[in-house]
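Peer 1: the following block contains a protein sequence and its predicted model.
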Amino acid sequence: MNHLATNTPSTWILPDHLKRKLEKHPLGRNLFITNIGRYPENTAREPVEVKGSAVYTLLYAAHGKGWIETRDKKTVIKPNQYLLIPANTAFRIGAAPDDPWQLYTVQFSGQLAAAIYQYLDTTDKPRTIPPLVGRNAQFDDILHHLDLMNNIENLLYANFRFYSFLGTFRLSVFNYMKHGADNIIEQCIQLMKQRLDQHLTLADLSKEMGLSASYLSALFKEKTRYGPIQLFTSLRMQKASQLLRETNLSVKEIAGEMGYPDQYTFSRSFKLVMGLSPKTFRDKL
């Protein structure tokens, strides 16, 4: 199958004998794809009937519009929106005739499938997400390796990749395309990484970025679900963890390296982020 051809659908269905093999595999049984397809704008214009089954379904419209109809209602899905459909739900889908969608579909099962569904969505409404560099490339890579299904290693690889693909649909994932608000976030994080040995405040960060403190704080919480200082402290403690692992510096010396006035203030921050004291952390290595 040539997944580089964009004018034809690309689909794959998990054969029953491989499904049984994955269900028994210690690494494969947690999450695996049972059906996957990519439909370019000029295909999948007609409604598709899907019987209810014990799999969860992800619909993602990269471009264009379409609709999904269940027993209860009909819902429009717009560009850059996705919808998760719970298991055992029968539905029909179709593309908008005036602006047909480029549709990505995945049906999945496994011991963690229900937990994945809860992690990504708890509503039955489409969610809007930003385009993300690499999301569609991941999808094509998954499809490519599923084609090589006679090799269990390729099946496992594809399903491991699927975890990463699903992770791009979390609202806390921000776009690294260097545009707009996401570019501001990335610039600020780079600034933080350059100043891990300093005691930066929200006022310091907002001044460096040329933004108000309230706007920068709201932007971080919207895009990353963390406040700027909370994220900065986490980055500092990750660096401190590296120093604890890789050097013989004392806790007091590391506190100084990280710009803390004393080891007690540093230790409190470390425990809040890492869950244990610097000494205990090092003793467990």
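Peer 2: That came through, no problem. Residues are numbered from 1 along each chain as shown.

Peer 1: biggest helix in this structure by residues?
Peer 2: What stands out as the longest helix in the chain, according to DSSP state H, is helix 228-246.

Peer 1: got the contact list for that helix?
Peer 2: Applying Cβ atoms under 8 Å, 6 or more residues apart in numbering, the external contacts of helix 228-246 come out as 188-189, 192-193, 196, 200-202, 205, 216-217, 220, 224, 226, 249, 251, 254, 257-259, 266, 269-270, 272-274, 278, 281-282, 285. For every residue, glycine as well, the C-beta is placed using N, CA and C.

Peer 1: give me the buried subset of these.
Peer 2: 188-189, 192, 196, 200, 202, 205, 216-217, 220, 224, 251, 254, 257-258, 266, 269-270, 273-274, 278, 281-282 (16 or more other Cβ atoms under 10 Å).

Peer 1: next one: residue 127 from residue 29, what distance?
Peer 2: To residue 29, residue 127 is 28 Å away according to Cβ to Cβ, to the nearest Å.

Peer 1: the buried ones among the contacts of helix 228-246 in helices, which ones?
Peer 2: Under the assignment DSSP H, those contribute 188-189, 192, 202, 205, 216-217, 220, 224, 251, 254, 257, 266, 269-270, 273-274, 278, 281-282 to helices.

Peer 1: which helix or strand in the protein has the lowest average pLDDT?
Peer 2: Least confident element among the helices and strands of the chain, by mean pLDDT, DSSP states H and E: strand 48-50 (a mean of 53).

Peer 1: quick check: mean pLDDT across the helix or strand following it?
Peer 2: In the C-terminal direction, the helix or strand that comes right after strand 48-50 (DSSP states H and E) is strand 56-63. Per-residue pLDDT over strand 56-63 has a mean of 93.

Peer 1: ok, now stretch 79-89?
Peer 2: 91.

Peer 1: could I get it in PDB with only the CA atoms?
Peer 2: Only the C-alpha atoms of stretch 79-89 are listed here, as PDB (Å, rounded to 0.1, in the frame of the first residue of the first chain):
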ATOM      1  CA  PRO A  79     -11.600  21.100  10.700                       C
ATOM      2  CA  ASN A  80      -9.100  20.300  13.400                       C
ATOM      3  CA  GLN A  81     -11.700  18.600  15.500                       C
ATOM      4  CA  TYR A  82     -11.800  15.100  16.900                       C
ATOM      5  CA  LEU A  83     -14.500  12.900  18.500                       C
ATOM      6  CA  LEU A  84     -14.200   9.800  20.500                       C
ATOM      7  CA  ILE A  85     -17.000   7.200  20.300                       C
ATOM      8  CA  PRO A  86     -17.500   4.800  23.200                       C
ATOM      9  CA  ALA A  87     -17.600   1.100  22.700                       C
ATOM     10  CA  ASN A  88     -20.800  -0.700  21.600                       C
ATOM     11  CA  THR A  89     -22.100   2.400  19.900                       C
END
